[in-house]
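> Give me a model of this one.
(2 chains, ligands or ions: 2)
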Amino acid sequence: MAKVLMKGNEALAEAAIQAGCRHYFGYPITPQNEVTAYMAKRMPEVGGVFLQAESEVSAINMVYGAGGAGARVLITSSSPGISLMQEGISYIAGAEVPCVIANIMRGGPGLGGIQPSQSDYFQATKGGGHGDYKLIVLAPSTIQEMAELVQQAFHIADKYRNPVMILGDGMLGQMMEPVDFDILKKEENKIEEKPWATTGKGTRNKRNIINSLELDPQILEKHNIEIFKKYQKAAKEEVRYEMTNCEEAEIILVAYGTIARVAKNAIEIAKRENIKVGLIRPISLWPFPEEPFKKTKDHVKAYLTIEMSMGQMIEDVKIAVNGQKEVYFYGRVGGMVPEPMAILEEIKKIRGKK
Amino acid sequence: MTVVFQKTKGLTDTPFHYCPGCTHGIVHRLVAETMEELGVLDKAIGVAPVGCAVFAYEYFNCDMQEAAHGRAPAVATGIKRVHPDKIVFTYQGDGDLAAIGTAETVHAAARGENITVIFINNAIYGMTGGQMAPTSLIGQETLTTPYGRKPETNGYPIKMCEMLSTLEGAAYIERVSVYDVKHVLNAKKAIKNAFKAQINKKGFSMIEVLSSCPTNWGMSPNEALKWIKDKMEQYYPLGVYKNTLEEEK
Ligand SMILES: Cc1ncc(C[n+]2csc(CCOP(=O)(O)OP(=O)(O)O)c2C)c(N)n1
Ligand code: SF4
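Numbering: from 1, shown residues only, chains lettered A, B, ... in the order given. Ligands and ions are numbered 1, 2, ... in the order given. Next up, the predicted model:
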């Protein structure tokens, strides 16, 4: 298959199907509606299941059932819908059921708007639902990368028996780019046996139970510690990031997702003005990549975090920088997208300091 | 020596935690016996609720998933869509099924989801200590209706069987009770029909069991059984509300 021109939302759906996902549960919400429509059409063609649930609450619980029963299962939504799913996500993480959840973010809080936003960063990376748990959160910045990360997400979800979130935004979901599905890692699409799944006891001697309840505090503490060991392993093995022009940069931009592309434009414009600017683009938002900050903190003057939020990822950047350099912030919200020239202005302001 | 009575293979050896006189235990046994008799234990996947039956996954001798409060029909839907040839059932209380999980229940029925729901109606929230349920009777005193349930402020009790039987997707809907031997035997028959409906891929089946909660009703076990018969049964008439098994005869 040659490159095909696709919307981000469609590439997300197709990549999931090619990764062996045969169960999709969803509920319409803009700007991710192309996923539901695509799945409704494609799933019957591949012998899969598409089901439009009565709500996001139901949809995520269907995912819990299907994932617990051993299926590779996908759910997608956008910010208000993801909020409704938080109960289910907490249960899924507690019961150690793998699944892939995509949040194609839009502006909030509340009903907000339908334009792109990155204001669910805290919710995605810091919990969202109740209890101590982590999602592995991956943030693509091109549609090709969207397809690749979706496939890796299924693999990672199975490996850790944990939900993995694809954090995109309305811009990435809606825009069109060529995607090459041939270069995707096929070995990751191999689905391994899931001997723990509820498939009916059959000839097994032991019953399989999928559960997150533990009334004995000693046992519950042990469970919390066990799943955190898993997260520690993921924190080592699942870190993903990209560094652009960082070697000689005096200022380094930090941005993820679509807005990292705008940051790259700003870097090009700065270059013409002989200002050396680099970019650290976290691809895994949890685990958050700390290495690129260690590698650059000696030669860089400051970091500038750019987000489509009031400043959420900047907290993780500050933790990574650990007070050794200044960390500045520039962001737009409500569906507004930062422009390269505005970013350049911020860079100049920082250069002018001290 | 001839064996006169044997514990069903459908239950594990874990002792029940239910209060003395609570009929949750009887219904567990009926469901377990039914699955054993129908030979479906090895392909059964159950979904436990939040409520007094929260530990149902410890008792039923089959694969089980524990659901969030009210979400069992959605979880069961997910399981059934992965394993359409397995037998999937939920076991839920009235708070679970008719309050927080009303949407999940109604829509699973409307979709004709081929699952079996065992609905324990004890007109109260047992596990949380006796608050009003959507099924609490008018005048019934609970922790949150200390002056009795009043329609003006608390609305009317929900009749789930009547409501769900209007839906095309519902295949078998029956309300039973377990306050005496005759009714226990009838409840067993109903549960069997519900599972048969699923085995025959008829669609959604639900058995509502008028059940006792002597602890939170503040009654002796005997008084509680009498209260089901005298009070609950008046508002919640027993009987078959929908049966598509018969339609084909
Ligand atoms: C989201 C959520 N809300 C509230 C509760 C607390 N809660 C636990 S059991 C229960 C009521 C259960 O009543 P019912 O379903 O009638 O079952 P019973 O205990 O009477 O058998 C409630 C409100 C919970 N566990 N989760
Ligand atoms: S509280 Fe009520 S419903 Fe719960 S076990 Fe005791 S008697 Fe049964």
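> Show the contacting residues for B:M206.
Listed by C-beta atoms under 8 Å, 6 or more residues apart in numbering or on different chains, the contact set of B:M206 reads B:109, B:116-119, B:160-161, B:164, B:170, B:172-174, B:194. Backbone N, C-alpha and C define where each C-beta goes, glycine included.
> which residues does it form a beta bridge with?
B:V117, B:I173 (DSSP bridges).
> where does the residue nearest to B:A32 when sequence neighbours are not counted sit relative to B:F60, distance-wise?
With C-beta to C-beta, 6 or more residues apart in numbering or on different chains as the criterion, B:A32 has its nearest non-adjacent residue at 2.7 Å, and that residue is B:G10. Taking C-beta to C-beta, to the nearest Å as the measure, B:G10 falls 7 Å from B:F60.
> Between those two, which contacts overlap?
Common neighbours of B:G10 and B:F60 (criterion: C-beta under 8 Å, 6+ apart): B:31-32, B:35.
> Tell me where chain B has helices.
Secondary structure of chain B (DSSP state H): helices located at B:24-37, B:56-59, B:72-82, B:94-95, B:102-110, B:151-154, B:160-164, B:181-199, B:214-217, B:221-227, B:233-235, B:244-247.
> Of those helices, which is nearest A:M6?
Closest to A:M6 of the helices of chain B, according to C-beta to C-beta: helix B:72-82, at 26.7 Å.
> Just confirm yes or no for that closest one near chain A.
Yes. Using C-beta under 8 Å from any C-beta of the partner chain, helix B:72-82 reaches chain A at B:74-82.
> Okay, buried residues for stretch A:184-200 please.
Of all the residues in stretch A:184-200, those buried under the rule 16 or more other C-beta atoms under 10 Å in any protein chain shown are A:184, A:188-189, A:191, A:194, A:197-200.
> Distance across that stretch, terminal residue to terminal residue?
Terminal residues of stretch A:184-200 lie 34 Å apart, using C-alpha to C-alpha, to the nearest Å.
> That one near chain B anywhere?
Yes. Under the criterion of C-beta under 8 Å from any C-beta, stretch A:184-200 makes contact with chain B via A:198-200.
> closest to A:C246 among those residues?
Out of the residues of stretch A:184-200 next to chain B, the member with the shortest distance to A:C246 (by C-beta to C-beta) is A:T198, at 47.5 Å.
> hang on, isn't the closest one packed against A:G70?
Yes. The pair A:T198 / A:G70 is scored as a contact, 7.5 Å apart, by C-beta atoms under 8 Å.
> Write out the residues of chain B neighbouring ligand 2.
Counting by C-beta under 6 Å from any ligand atom, chain B comes close to ligand 2 at B:18-19, B:22, B:24, B:52, B:122, B:126-127, B:213-216.
> Widest-spaced pair of the residues you listed?
Pairwise distances across those peak at 14.5 Å for B:M127 and B:P214 (criterion: C-beta to C-beta).
> Bridge partners for A:V179, pull those for me.
On the basis of DSSP bridges, A:V179 takes part in beta bridges with A:V4.
> residues touching it, list them.
By C-beta under 8 Å, 6+ apart, the contact list for A:V179 reads A:3-6, A:11, A:14, A:143-144, A:147.
> ok, 10 Å please
A:V179 is in contact with A:1, A:3-8, A:10-11, A:14-15, A:142-148, counting by C-beta atoms under 10 Å, 6 or more residues apart in numbering or on different chains.
> then stretch A:317-324 to CSV, C-alphas only?
Extracted in CSV, the C-alpha atoms of stretch A:317-324 (Å, rounded to 0.1, in the frame of the first residue of the first chain):
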residue,chain,number,x,y,z
VAL,A,317,9.4,20.7,32.5
LYS,A,318,10.2,22.5,35.8
ILE,A,319,10.6,19.2,37.6
ALA,A,320,12.9,18.0,34.9
VAL,A,321,15.0,21.2,34.9
ASN,A,322,15.0,21.1,38.7
GLY,A,323,15.7,24.8,39.2
GLN,A,324,18.9,24.8,37.2
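> The residue of the stretch 1-150 of chain A found nearest ligand 2: what secondary structure?
Relative to ligand 2, the nearest point of the stretch 1-150 of chain A is A:Y91 (22.2 Å; C-beta to the nearest ligand atom). With DSSP: H, G, I helix; E, B strand; the rest coil as the basis, A:Y91 sits in helix.
> how close does it sit to A:M308?
For A:Y91, the distance to A:M308 (C-beta to C-beta) stands at 30 Å.
> quick one on the thing from earlier: isn't the residue of the stretch 1-150 of chain A closest to ligand 2 right next to B:A72, touching?
No. With contact defined as C-beta atoms under 10 Å, A:Y91 does not reach B:A72; the gap is 11.8 Å.
> can you count the residues close to B:V82?
B:V82 is flanked by 26 other residues according to other C-beta atoms under 10 Å in any protein chain shown.
> Distance of it relative to A:V57?
20 Å.
> Which neighbouring elements make contact with the helix ranked longest in chain A?
When chain A is parsed with DSSP H, its longest helix is helix A:217-237. Counting contacts by 3 or more C-beta pairs under 10 Å, 6 or more residues apart in numbering or on different chains; DSSP states H and E, helix A:217-237 packs against helix A:79-94, strand A:136-138, helix A:143-160, strand A:284-286.
> Find the residue closest to the residue most central in space within chain B in space, skipping its chain neighbours.
Nearest to the mean C-alpha position of chain B, by C-alpha atoms, centre = their mean, lies B:F119 at 2.0 Å. Nearest non-adjacent residue to B:F119, counting by C-beta to C-beta, 6+ apart: B:E208, 4.4 Å away.
> wait, isn't that neighbour in contact with B:Y172?
No. Counting by C-beta under 10 Å, B:E208 does not reach B:Y172; the two are 11.6 Å apart.
> Make a markdown table out of the shared contacts of B:G10 and B:F60 and add pLDDT and neighbour count.
As requested, the shared contacts of B:G10 and B:F60 are arranged in a markdown table below (pLDDT from 0 to 100; neighbours: other C-beta atoms under 10 Å in any protein chain shown):
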| residue | pLDDT | neighbour count |
| --- | --- | --- |
| B:V31 | 98 | 30 |
| B:A32 | 98 | 24 |
| B:M35 | 98 | 28 |
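> Just the closest of those residues to chain A, please.
Among those, B:M35 lies closest to chain A (C-beta to the nearest C-beta), at 11.1 Å.
> Looks like that closest one contacts B:T8 (just checking).
Yes. Between B:M35 and B:T8 there is a contact at 8.4 Å, judged by C-beta under 10 Å.
> Roughly how far does the nearest residue to B:E66 once chain neighbours are set aside sit from ligand 2?
Of all residues not flanking B:E66 in the chain, A:N211 sits nearest, at 4.0 Å (C-beta to C-beta, 6+ apart). In this view, A:N211 and ligand 2 are 19 Å apart by C-beta to the nearest ligand atom, to the nearest Å.
> Quick check, A:N211 in contact with A:A95.
Yes. Counting by C-beta under 10 Å, A:N211 does reach A:A95; the two are 5.8 Å apart.
> re earlier: which one of the helices of chain B has the lowest average pLDDT?
Lowest mean pLDDT of the helices of chain B: helix B:244-247, a mean of 82.
> The helix or strand harbouring A:I267 packs against which elements?
Element membership for A:I267, per DSSP states H and E: helix A:258-272. In terms of contacts (3+ C-beta pairs under 10 Å, 6+ apart), helix A:258-272 is packed against strand A:163-169, helix A:170-174, strand A:241-244, strand A:251-254, strand A:277-282, strand A:302-307, helix A:340-352.
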